[in-house]
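K.L.:
Pasting the sequence and the predicted model now:
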Protein chains: 2
Amino acid sequence: MTQSSQAKVLGVLGGGQLGRMLIQSAINYNQDIHILDPDPNAPCKDIAQKFTVGSLKDFDTVMAFGQDCDVITVEIENVNTDALQALADQGKKVYPQPHILKLIQDKREQKQFYKENGIPTAEFILTENKSEVLSNADFLPAVNKLGKEGYDGRGVQILRSESDLDQAFDAPGLLEKLIDFDREIAVTVARNENGDMIAYPAVECAFHPTANLVEFLFAPAEITPEIEEQAKEIAKAVILKLDMVGILAVELFVTKSGEVLVNEIAPRPHNSGHHTIEANYTSQFEQHLRSVMNWPLGDPDLRCPAAMVNLLGEEGFTGPVIIEGKEEALSEKGVYIHMYGKKLTKPFRKMGHVTVLDENVDNLKKRAQRIKELIKIKAES
Amino acid sequence: MTQSSQAKVLGVLGGGQLGRMLIQSAINYNQDIHILDPDPNAPCKDIAQKFTVGSLKDFDTVMAFGQDCDVITVEIENVNTDALQALADQGKKVYPQPHILKLIQDKREQKQFYKENGIPTAEFILTENKSEVLSNADFLPAVNKLGKEGYDGRGVQILRSESDLDQAFDAPGLLEKLIDFDREIAVTVARNENGDMIAYPAVECAFHPTANLVEFLFAPAEITPEIEEQAKEIAKAVILKLDMVGILAVELFVTKSGEVLVNEIAPRPHNSGHHTIEANYTSQFEQHLRSVMNWPLGDPDLRCPAAMVNLLGEEGFTGPVIIEGKEEALSEKGVYIHMYGKKLTKPFRKMGHVTVLDENVDNLKKRAQRIKELIKIKAES
């Protein structure tokens, strides 16, 4: 690896917290990063070598942005994949590949991909509109998902019984059997152009009861070695079947009968891997960089058990940020605060996260709970 | 700690690798950092919220730079301390305090400070010029140090016998008894405005045989708990006697008879603390930030034994950088490369460093040696 590979420019579509943490990691390698984001105050704006304000969905904007870049990646799926394909056709490296992003943008295609490739996932029915949902009442309890534009819990609802059917989406989507799961876990896998592949240890996710966002994450997951192995094999099968280069977060259900089913996937650094910055030998952000730049992959092992707490904007507060409880949290050993540089908070906005390290797994859970109660993201009144 | 303390701007005199790693750490706290550096291509240029090109030694330049800042610190000692004092008089927080920087700028004053405050250090004689050195031939073997402008091994020479006296500096300086030391160690201490104080575990430094730069560093140091305690107490005594706020690296000799003597000090993040990024609960960069911003200090404990290897420009190469051996190093578990974003290399220029983590201390030494042989910083020919 000589200067010629060093001097490559990595372009990233999206300049949010994922891009921000990617840049923090890329600084160690003199890796220049250009960012495209529609928000002039995006978290990456001050730390990218070049920051361009523009739409990720506009063909010409993405094409123009890509011209200066040698390798192009994303930190969000909802981008113009036609432009990415045209850039790939020009000879640019685009990872994850455009066809994968296209697949991810449509949950219907995603589910069919699992089915066609023998990836275990919850049973489902594709629906074109609300009346098709209504005609499948016998499939309940189920999760009703919009095919497109869902993100961070939007576009997903649980239909437990017929009385919930009124809320069903009236657009192309799907009904998925509601899984009576024991745990929700996630496995991150990475693969580079050379075909090297690694899997991170499984983590356990605890979701916010109403916002459908990860609230806590624990590493390692409290599962048997067999389940862990099964989850890793499934995650590897997904990235291989996709023929994907980059990092892929695979969210899975472990059912009460011990089945492991793919729930959703994200072909980029993901909330379920934030703890890797302090807890693992190689962070997911560095791993993403290594995979898309075709560098050797890094060791994914856990250095220490960890918990991750998302810092979401408190309900009832909108406006310039006030962080409560930070000082007390900072006094604790093994507590790592990551703020995302967002000037304005609103309810459930992801404003930052905290990682807690503790050799004692029981302590970890208590400490994570306490950190969540301690740090509050509010707004000036 | 509310947004009002968050919104403070931290100004840093110097935009080299120390400022760069400070910014990487500050990103986690939404802490805005402004940088002043004479080099338009300084390592911090792309990642500071504001980057100003200008002389650190010019009164008006430093005064103008400081106006936008609430807290001002340094990553190099050789700055205009009159301007910093004037900024402090205006009510700005300046840490380390200007009088400490002034003391550090003159090794003669530094030695007298140790003597007056009962800090153990090697015996010395102040000399005004070369003829005064010559008249002290009976004090040899000794280290001859220039009072001012010494940095990274410049302005320091060893006078073993009378035949070396020809090389003696002809400027105000000092002669220091050459210490027949067993080991060179370093202890970093930090102190905030509230008076909280912590000491890092001692590390062991191995210097390059000719360049007088740290070549390897090992943590923990292989010393007895008694020597470790003594070193920490001395380091704490120094920061207390200085009444200093910030982070202070204290380099010490452990003599063959078990004495611990202060060699030199640096009131800023220092090469002897680079391993703390991966090896300790709180990195020296985050600790510096915490101390100058008067946040609670972080835990300094070691998470894992570590070695640090400086990546110095190879002799015989000057020009645009080529990094050899990086790919192989990246394949190793627990190897962390930090490049400093410098476009041009020259012999012995600090271009980056590598931290190696390994629970096995014997392996660490071998692996550090191998990394040093593997990674070479050369130039395009």
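P.N.:
Cool, got the structure. Because the structure is predicted, anything quoted here is derived from the model rather than measured.
K.L.:
For the stretch 251-381 of chain A, list the residues in contact with chain B, please.
P.N.:
For the stretch 251-381 of chain A, the residues in contact with chain B under the definition C-beta under 8 Å from any C-beta of the partner chain are A:281, A:290, A:295-296, A:298-299, A:301, A:303-304, A:320-324, A:326-327, A:330-331, A:333-334, A:336-341, A:357, A:380. Quick note: C-beta positions are derived from backbone N, CA and C, even for glycine.
K.L.:
buried subset of those residues?
P.N.:
Among these, those that count as buried by neighbour count (16 or more other C-beta atoms under 10 Å in any protein chain shown) are A:281, A:290, A:295-296, A:298, A:303-304, A:321-324, A:326-327, A:330, A:334, A:336-341, A:357.
K.L.:
Just those residues: which are in strands?
P.N.:
With strands identified by DSSP state E, the entries of those that belong to them are A:321, A:322, A:323, A:324, A:336, A:337, A:338, A:339, A:357.
K.L.:
Between all of those, which two are separated the most?
P.N.:
In terms of C-beta to C-beta, these reach their longest pairwise distance at A:322 and A:357, which sit 26.7 Å apart.
K.L.:
Report the backbone C-alpha coordinates of stretch A:181-188 in CSV.
P.N.:
As requested, C-alpha coordinates have been extracted for stretch A:181-188 and formatted as CSV (Å, rounded to 0.1, in the frame of the first residue of the first chain):
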residue,chain,number,x,y,z
PHE,A,181,-39.2,-13.7,19.9
ASP,A,182,-37.0,-14.3,22.9
ARG,A,183,-34.4,-11.8,21.9
GLU,A,184,-33.4,-9.4,19.2
ILE,A,185,-29.8,-9.6,18.2
ALA,A,186,-27.6,-8.1,15.5
VAL,A,187,-24.4,-9.3,13.8
THR,A,188,-22.2,-7.1,11.7
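K.L.:
Buried residues of that stretch, list them for me.
P.N.:
Using 16+ other C-beta under 10 Å as the burial criterion, the residues of stretch A:181-188 that qualify are A:181, A:183, A:184, A:185, A:186, A:187, A:188.
K.L.:
Then stretch A:53-72?
P.N.:
Result for stretch A:53-72 [16+ other C-beta under 10 Å]: buried residues A:56, A:58, A:61, A:62, A:63, A:65, A:66, A:69, A:70, A:71, A:72.
K.L.:
What is the most widely separated pair among the residues you listed?
P.N.:
Across the buried residues of stretch A:53-72, the two lying at the largest distance from each other (C-beta to C-beta) are A:58 and A:70, at 21.8 Å.
K.L.:
Next one, pLDDT for the closest residue to chain B within the stretch 101-250 of chain A please.
P.N.:
Per C-beta to the nearest C-beta, the residue of the stretch 101-250 of chain A with the smallest distance to chain B is residue A:196, at 9.3 Å. At residue A:196 the predicted local distance difference test score is 98.
K.L.:
Kindly report the same for residue A:150.
P.N.:
Reported pLDDT at residue A:150 in the predicted model: 69.
K.L.:
can you check residue A:220 too?
P.N.:
Reported pLDDT at residue A:220 in the predicted model: 97.
K.L.:
Tell me if I'm right that it and residue A:303 touch.
P.N.:
No. Taking contact to mean C-beta atoms under 8 Å, the distance of 11.6 Å between residue A:220 and residue A:303 leaves them out of contact.
K.L.:
For residue A:242, which non-adjacent residue is spatially closest?
P.N.:
Leaving out its chain neighbours, the residue that sits closest to residue A:242 by C-beta to C-beta, 6 or more residues apart in numbering or on different chains is residue A:100, at 5.3 Å.
K.L.:
next SSE after the helix or strand where that neighbour lies?
P.N.:
With secondary structure defined by DSSP states H and E, residue A:100 is part of helix A:98-105. The first helix or strand that comes after helix A:98-105 along the chain, using DSSP H and E, is helix A:107-116.
K.L.:
Tell me the buried residues in that following helix?
P.N.:
Of the residues in helix A:107-116, those with enough neighbours to count as buried (16+ other C-beta under 10 Å) are A:107, A:108, A:110, A:111, A:113, A:114.
K.L.:
That helix - contacts with which helices or strands?
P.N.:
In this structure, helix A:107-116 packs against helix A:98-105, strand A:124-127, strand A:173-177, strand A:260-266, with contacts taken as 3 or more C-beta pairs under 8 Å, 6 or more residues apart in numbering or on different chains; DSSP states H and E.
K.L.:
Take those and write them to JSON lines, including mean pLDDT.
P.N.:
Compiled in JSON lines, the helices and strands packed on helix A:107-116 are given as follows (pLDDT from 0 to 100):
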{"stretch": "helix A:98-105", "mean pLDDT": "96"}
{"stretch": "strand A:124-127", "mean pLDDT": "96"}
{"stretch": "strand A:173-177", "mean pLDDT": "96"}
{"stretch": "strand A:260-266", "mean pLDDT": "96"}
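K.L.:
Just send those back as TSV, with mean neighbour count too.
P.N.:
Listed next are the helices and strands packed on helix A:107-116 as TSV, based on neighbours: other C-beta atoms under 10 Å in any protein chain shown:
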stretch	mean neighbour count
helix A:98-105	20
strand A:124-127	19
strand A:173-177	22
strand A:260-266	22
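K.L.:
re earlier: ok, the residue of the stretch 101-250 of chain A closest to chain B - contacts?
P.N.:
Contact analysis of residue A:196 by C-beta atoms under 8 Å, 6 or more residues apart in numbering or on different chains lists A:296, A:297.
K.L.:
how close does it sit to residue A:299?
P.N.:
Counting by C-beta to C-beta, to the nearest Å, the separation of residue A:196 from residue A:299 is 12 Å.
K.L.:
low-confidence ranges in chain A?
P.N.:
Along chain A, the parts satisfying pLDDT under 70 run over A:1-6, A:150-153, A:210-212.
K.L.:
Quick check: end-to-end length of stretch A:258-269?
P.N.:
Criterion C-alpha to C-alpha, to the nearest Å; first-to-last residue distance in stretch A:258-269 is 27 Å.
K.L.:
what about residue A:359, how many neighbours?
P.N.:
Counted with other C-beta atoms under 10 Å in any protein chain shown, the neighbours of residue A:359 add up to 9.
K.L.:
For it, which residues are in contact?
P.N.:
Residue A:359 is in contact with A:304, A:305, counting by C-beta under 8 Å, 6+ apart.
K.L.:
so is it in a helix, a strand, or just coil?
P.N.:
Using DSSP: H, G, I helix; E, B strand; the rest coil, the structure places residue A:359 in coil.
K.L.:
what do you get for residue A:12?
P.N.:
If you use three-state DSSP, then residue A:12 falls in the strand class.
K.L.:
any idea which element residue A:371 lies in?
P.N.:
Of the helices and strands defined by DSSP H and E, residue A:371 is found in helix A:361-374.
K.L.:
for chain A, longest helix please?
P.N.:
What stands out as the longest helix in chain A, according to DSSP state H, is helix A:225-242.
K.L.:
and the helix or strand following that helix, how far out from the chain's middle?
P.N.:
Toward the C-terminus, helix A:225-242 is succeeded by strand A:246-255 as the next helix or strand (DSSP H and E). Put simply, strand A:246-255 sits 10 Å off its chain's centre (C-alpha atoms, centre = their mean, to the nearest Å).
K.L.:
Please name the residues that touch residue A:120.
P.N.:
For residue A:120, the contacting residues are A:114, A:234, A:259, A:260, A:261, A:262, taking C-beta under 8 Å, 6+ apart as the criterion.
K.L.:
Now do the phi/psi pair for the residue of the stretch 101-250 of chain A closest to chain B.
P.N.:
The main-chain torsion angles of residue A:196 are listed as degrees, to the nearest 10 and equal phi -60, psi 150.
K.L.:
leaving aside the residues next to it on the chain, what's closest to the residue nearest the centre of chain A?
P.N.:
With distances taken as C-alpha atoms, centre = their mean, chain A has residue A:270 as the residue nearest its mean C-alpha position (2.6 Å). Distance criterion C-beta to C-beta, 6+ apart; nearest residue to residue A:270, sequence neighbours excluded, is residue A:249 at 3.4 Å.
K.L.:
Residue A:308: what's it in contact with?
P.N.:
Contacts were defined as C-beta under 8 Å, 6+ apart; by that measure residue A:308 touches A:214, A:216, A:217, A:218, A:219, A:274, A:275, A:353, A:354, A:355, A:356, A:368.
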